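# The following block contains a protein sequence and its predicted model.
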Amino acid sequence: MSNRTPLSISLKGVVLSYTKGNPVLDIDSLEIFAGRRVFLYGPSGSGKTTLLSLISGILSPQEGEIHVLGHDLRRLSASERDILRGCEMGYIFQSFNLIPYLSVEENIALPCMFHASRRRRIRADSLSEEIRRIAKRLDIQDKLNAPIYELSTGQQQRVAIARAIIGSPPLVVADEPTSSLDNDRRDSFLDLLTEVVAETGSTLLFVSHDLTLTKHFEQSLSLTSINRRNAGTFL
Ligand SMILES: Nc1ncnc2c1ncn2[C@@H]1O[C@H](COP(=O)(O)OP(=O)(O)OP(=O)(O)O)[C@@H](O)[C@H]1O
Ligand SMILES: [Mg+2]
């Protein structure tokens, strides 16, 4: 990768403790280049969700620097970090966090309702056309008017992808959204996610404890080996 390729994410000397003097994360350096699809693996409790919370500006570290999409998170207020997250990042949660009383279409539209810049970046002439285009791509076009609770788990995952990628955010992060799936469905979910993220040109950071997912990504990193808290432990 060329040195001139911009970084999407960079961490330097980042320390995060939930309780004083007992850091969960102590990361000397982590760099993720723009446009890459990266897998970060680590066992349960190793700090994957904590790391994503730092990158998305939900948590702030006690020490160190975090740059996301060219922004130094230390220089942003909490509300500026919220705007950065909403406008520039798609977040796929482990339990999807879809809004149960809204339809599929309304769930997919949410980022564009709250963030004008997401809406401005849509490719189609109107938001509803864009939702239809993405839903067709993810094979959920017949479910757009259905309430979330009528969907299968696999369909809910595809709604979560649609909501994360609408308005082409430059960064998509995903927190283990595959753990409830069998192997075949997990592989097809990952193929679809990595394909649609490649189509929008976004950077993808996907975290999981499941090392067998490595094959779906351009680059894999072990959280245990970049976390100095685990010095001497190798995974
Ligand atoms: N809000 C919190 N307050 C205190 N400790 C926390 C909090 N959130 C997480 N932790 C602790 O931080 C460590 C890392 O947790 P985290 O949720 O980041 O791990 P994880 O790698 O995402 O695990 P999993 O694979 O089970 O989702 C764990 O020891 C956990 O108990
Ligand atoms: Mg987690």
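Done, it's in. Numbers count the residues shown, from 1 in each chain. Ligands and ions are numbered 1, 2, ... in the order given.
# Look up how far residue 89 lies from residue 170.
Counting by Cβ to Cβ, to the nearest Å, the gap from residue 170 to residue 89 is 8 Å. Backbone N, C-alpha and C define where each C-beta goes, glycine included.
# How about residue 129?
Distance from residue 129 to residue 89, by Cβ to Cβ: 24 Å.
# Of the two, which one has the most company?
In this view residue 129 and residue 89 are compared by other Cβ atoms under 10 Å, and residue 89 has more residues nearby, 24 against 12.
# show me what contacts residue 148?
By Cβ atoms under 8 Å, 6 or more residues apart in numbering, the contact set of residue 148 is 98, 99, 100, 102, 103, 104, 107, 156, 159.
# Pretty sure the fifth one sits against residue 145.
Yes. Under the criterion of Cβ atoms under 8 Å, residue 103 makes contact with residue 145 at 5.4 Å.
# Between the two, which is the more surrounded one?
residue 103 (17 against 9).
# what's across from the more buried one in the sheet?
Beta bridges link residue 103 to residue 147 when assigned by DSSP bridges.
# show me what contacts residue 145?
Residue 145 makes contact with 103, 104, 105 under the criterion Cβ under 8 Å, 6+ apart.
# does the closest residue to residue 230 other than its chain neighbours sit in a helix or strand, and which one?
Of all residues not flanking residue 230 in the chain, residue 224 sits nearest, at 4.8 Å (Cβ to Cβ, 6 or more residues apart in numbering). Following DSSP states H and E, one finds residue 224 within helix 223-226.
# counting contacts, what elements does that helix pack onto?
strand 22-33 (3 or more Cβ pairs under 8 Å, 6 or more residues apart in numbering; DSSP states H and E).
# now check the strand it packs on, is it near ligand 2?
No. Strand 22-33 is not in contact with ligand 2 by Cβ under 5 Å from the ion; minimum separation 11.3 Å.
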